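S.K.: just to be clear, the model below is a prediction. Sequence and coordinates:
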Amino acid sequence: MDDLLEARLTKLQRLREAGIDPYPPRARRTHDAARARELALAAGQDPPADAPLVAVCGRVMARRDMGRATFVDLQDGSGRIQVLLRRNVLGEAAYDRFRLVDLGDIVGAEGIPMLTRTGEPTVEARSWTMLAKALHPPPEKYHGLADPELRQRRRYLDLMANEETRRTFRIRSAMVAAIRRFLDGRGFIEVETPVLQEVPGGAAAKPFVTHYDALDEDRYLRISLELYLKRLIVGGFDKVYELGRNFRNEGLGWKYNPEFTMLETYEAYADYRDVARMVEEMIPAVAKEVLGSCIVQFRGHEISLEPPWRRITLHEALDDYAGIDLGKLRDRQSLAEELERRGLEVDPRWSWAKLVDEAMSNYVEPHLIQPTFLLDYPVELSPLAKRKPEDPSLVERFELFIGGLETGNAYTELNDPIEQRQRFEEQLQLRAAGDEEAERLDEDFLFALEHGMPPTGGLGVGIDRLAMILTGHTTIREVILFPQLRRQKT
């Protein structure tokens, strides 16, 4: 046992011997720290003798002993408030017991709000209560918690030490609430769909597998919200959305976490152009509500989220940024040779569609800094999207890029059940050839489509990635409270 832990355990025992429960079941709090500061500012340096008492609670983050007086900073979810404890006010016994309080302990104090002579908002305590004895000290006061992996692995310490981390997750929470208000205001209803699924569909991804003991059957953690939400459009809901967790058995990276949050919306009698206009309104509205501005700083760039946003086709973008003409590279071998000539390492299992996706990731995405809709993808890349009537080799699809980061994806949804079955069967052939991420065939979803789904516009937005853009963080782990990490060696 280390010396610090032993010393704290000794103080814990002394509290018990004094008849004090170091972990009482209840606390009295009348005001949070922010409100107590407001009252102290209003009271000034000479509050009346009969001023009402306030009860504040929080973690002891700083302590300054000055003879017969002690100042401590208590931190709660709203901020910090200074508490002044005087020997002549508390009495000898209560004041001396405060010596058993360490940094990191959670205490309550009841007293009068006031300003000190230096103008610091303060509660002058008339009594104090131990609420939770901490057996370990908080992160070091001045340097906080600097190691990124430690901050992410022990987020509770990161939140305790770093105001910037608390700000990040307040912004994320406000962002999600603003998205909900925006969609609710447009007549969408929020729904919930299964996380455990018989057939994981709606995305090109490898799923996690689990076993359902009661049914003695395997199930998959969902990789997308799409197919169940479109079942609801079939059923008669015209506008639905879900904010939910998805799970993809893929690598970790600055923009990837195997467990992540998606927003998906589906609107009957709309197409991908209608969806683009909605997104172009929603994200700036959310930014203004949450940040007060449509200007964000992300990955060294100043980005304006003000509409209108740029629109460019995928074919144009590959030609403009990489000099790749997909019209002349329509077979796998020629495209693979072209990418290898450029120095890109090509996996022999990759299909033509996967090669296009890799070309986009390497040669186009880094250039799409200001908000950009990348339009009209090859049909091979989009098994759930509707073909363009004027060019059946393409589908009505866009991806949204901000700061070089894919943030959203949308289709005019394929609602022809016969063509959808054909597309699924083509995906099965890719799976047979070794593509573990190819779509599976979902018979129940096809049966739903056979009952008729109206023309529909669908959208997916990565909530974690949007949070990165609004907070300026350059790794997805910084905007997920508990990101996936390799198991820590003991």
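M.R.: Done, it's in.
S.K.: hey, where'd the helices end up in the stretch 101-250 of the chain?
M.R.: 148-153, 155-161, 163-185, 226-235 (DSSP state H, counting those that start in this stretch).
S.K.: of those, flag the one that's most buried.
M.R.: helix 226-235 (a mean of 21; mean count of other CB atoms under 10 Å). Using the backbone N, CA and C atoms, a C-beta is placed for each residue, glycine as well.
S.K.: so how far is that helix from its chain's centroid?
M.R.: 25 Å (CA atoms, centre = their mean, to the nearest Å).
S.K.: mind listing residues that contact stretch 251-264?
M.R.: Contact partners of stretch 251-264, identified using CB atoms under 8 Å, 6 or more residues apart in numbering, comprise 179, 208, 224-226, 229, 241-250, 405, 458-465, 468, 474-477, 480, 483-484.
S.K.: now it: buried residues?
M.R.: K255, N257, P258, F260, T261, M262, L263, E264 (16 or more other CB atoms under 10 Å).
S.K.: next one: stretch 392-401
M.R.: L394, V395, E396, R397, F398, E399, L400, F401.
S.K.: quick one: which of these sit in strands?
M.R.: Using DSSP state E, the members of those that fall within strands are L394, V395, E396, R397, F398, E399, L400, F401.
S.K.: check contacts around the last one.
M.R.: Residues near F401 by CB under 8 Å, 6+ apart: E365, L368, P371, T372, L374, T407.
S.K.: repeat the analysis, applying 10 Å as the threshold.
M.R.: F401 makes contact with 309-310, 312, 317, 360, 364-374, 407-408, according to CB atoms under 10 Å, 6 or more residues apart in numbering.
S.K.: list only buried entries from those.
M.R.: 309, 312, 317, 360, 364-365, 368-369, 371-374, 407-408.
S.K.: distance to Y23, pLDDT and secondary structure for the residues you listed - can I get that in JSON lines?
M.R.: Listed next are the buried ones among the contacts of F401 as JSON lines, based on distance: CB to CB, whole Å; pLDDT from 0 to 100; DSSP: H, G, I helix; E, B strand; the rest coil:
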{"residue": "W309", "distance to Y23": "54", "pLDDT": "98", "secondary structure": "coil"}
{"residue": "I312", "distance to Y23": "60", "pLDDT": "97", "secondary structure": "strand"}
{"residue": "A317", "distance to Y23": "60", "pLDDT": "96", "secondary structure": "helix"}
{"residue": "M360", "distance to Y23": "56", "pLDDT": "94", "secondary structure": "helix"}
{"residue": "V364", "distance to Y23": "57", "pLDDT": "96", "secondary structure": "coil"}
{"residue": "E365", "distance to Y23": "52", "pLDDT": "96", "secondary structure": "helix"}
{"residue": "L368", "distance to Y23": "53", "pLDDT": "98", "secondary structure": "coil"}
{"residue": "I369", "distance to Y23": "52", "pLDDT": "98", "secondary structure": "coil"}
{"residue": "P371", "distance to Y23": "51", "pLDDT": "98", "secondary structure": "coil"}
{"residue": "T372", "distance to Y23": "54", "pLDDT": "98", "secondary structure": "strand"}
{"residue": "F373", "distance to Y23": "55", "pLDDT": "98", "secondary structure": "strand"}
{"residue": "L374", "distance to Y23": "56", "pLDDT": "98", "secondary structure": "strand"}
{"residue": "T407", "distance to Y23": "45", "pLDDT": "98", "secondary structure": "strand"}
{"residue": "G408", "distance to Y23": "47", "pLDDT": "98", "secondary structure": "strand"}
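S.K.: ok, back up a step: which one of the helices of the stretch 101-250 of the chain lies nearest to K388?
M.R.: Closest to K388 of the helices of the stretch 101-250 of the chain is helix 226-235 (CB to CB; 19.9 Å).
S.K.: what's the closest one packed up against?
M.R.: Applying 3 or more CB pairs under 10 Å, 6 or more residues apart in numbering; DSSP states H and E, one finds that helix 226-235 makes contact with strand 239-247, strand 259-268, helix 443-449, strand 456-462.
S.K.: buried sites along stretch 33-42?
M.R.: A33, R35, A36, R37, L39, A40.
S.K.: of the helices and strands packed on helix 226-235, which approaches L329 most closely?
M.R.: strand 456-462 (28.0 Å).
S.K.: what packs against the following helix or strand past the closest one?
M.R.: Next helix or strand after strand 456-462 toward the C-terminus (DSSP states H and E): helix 463-471. On a contact count with 3+ CB pairs under 10 Å, 6+ apart, helix 463-471 meets helix 163-185, strand 239-247, strand 259-268, helix 272-291, strand 295-298, strand 391-402, strand 405-412.
S.K.: the helices and strands packed on helix 226-235: which one's closest to G343?
M.R.: Between the helices and strands packed on helix 226-235, strand 456-462 lies closest to G343; by CB to CB that is 29.0 Å.
S.K.: put the alpha carbons of the closest one into CSV.
M.R.: Only the C-alpha atoms of strand 456-462 are listed here, as CSV (Å, rounded to 0.1, in the frame of the first residue of the first chain):
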residue,chain,number,x,y,z
THR,A,456,-37.8,8.4,-49.9
GLY,A,457,-34.8,10.5,-49.0
GLY,A,458,-32.5,9.0,-46.4
LEU,A,459,-29.6,10.6,-44.4
GLY,A,460,-26.9,9.4,-42.0
VAL,A,461,-24.8,11.9,-40.0
GLY,A,462,-21.9,10.8,-37.8
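S.K.: what distance separates that strand from the centre of its chain?
M.R.: Distance of strand 456-462 from the chain centroid (CA atoms, centre = their mean) equals 18 Å.
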